[in-house]
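In: coordinates for the following, if possible.
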Amino acid sequence: RIIYAMYKDRNTYDKQFKKCAQKNDRFTVSDESIGNKDLTYPVGLMSADEISLAGMKYVTVNSTNYLYTNQYYWSLSPALLSSGIARVWYVYSTGYLDRYRVNNTGGLRPVVSLASTTKITGGSGTSTNPYIVE
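Out: Numbers count the residues shown, from 1 in each chain. Coordinates of the predicted model:
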């Protein structure tokens, strides 16, 4: 439903905040009070919702967004099934969000989610001087 809303009403979607309503769909490593404890390693792909909320828009070139890499990469979110071929939401090298066939190639951009209480204690966020988090 969320992905359909993003596609159908893409002009207002980025103003909305989405939260996973079902606890069994909230994947956590160890905290059973807020999630399902089904993760072994807390690394994943961004959902199309997260990509959109970060400022990437449907079929709108955006090379200034921090998610822009000048490379193609997959999201975690399914988009549709058409003529027997599944499509997922995908970030194109020009920096826009669109649907792409799963039988094509593309990159991965792994992410980790940090708690809002996480503190940055050093670094500048570059590859040579990464952030230090506690």
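
In: report pLDDT for Y73.
Out: Per-residue confidence for Y73 comes out at a pLDDT of 94.

In: what sits against it?
Out: Neighbour list for Y73: Y90, V91, G106, G107, L108, R109 [criterion: C-beta atoms under 8 Å, 6 or more residues apart in numbering]. Quick note: C-beta positions are derived from backbone N, CA and C, even for glycine.

In: quick check on N24: phi, psi?
Out: Here is the backbone geometry of N24 (degrees, to the nearest 10): phi -70, psi -10.

In: what sits against it?
Out: Taking C-beta under 8 Å, 6+ apart as the contact definition, N24 lies against N36.

In: per-residue confidence for it?
Out: For N24, the model assigns a pLDDT of 74.

In: cool, S77 as well?
Out: In this prediction S77 is given a pLDDT of 89.

In: and what of I3?
Out: According to the predicted model, the pLDDT of I3 comes to 44.

In: the one 5 residues further on too?
Out: With respect to pLDDT, K8 scores 47.

In: next, give phi and psi for the residue sitting furthest away from the middle of the chain.
Out: Distance from the centre of the chain peaks at S83, with 26.0 Å (C-alpha atoms, centre = their mean). When read as degrees, to the nearest 10, the backbone of S83 gives phi 50, psi 40.

In: longest strand of this protein?
Out: Looking across the chain with DSSP state E, the single longest strand is strand 73-82.

In: what angle separates the next helix or strand after that one from strand 73-82?
Out: Under the assignment DSSP states H and E, the closest C-terminal helix or strand after strand 73-82 is strand 85-91. Direction vectors for strand 85-91 and strand 73-82, defined by axes from the mean of the first three to the mean of the last three C-alpha atoms, to 10 degrees, enclose an angle of 150 degrees.

In: how distant is strand 85-91 from the center of its chain?
Out: Between the mean C-alpha point of strand 85-91 and the mean C-alpha point of its chain there is a distance of 13 Å (C-alpha atoms, centre = their mean, to the nearest Å).

In: for the record, mean pLDDT for it?
Out: Summarised as a single mean, pLDDT over strand 85-91 is 92.
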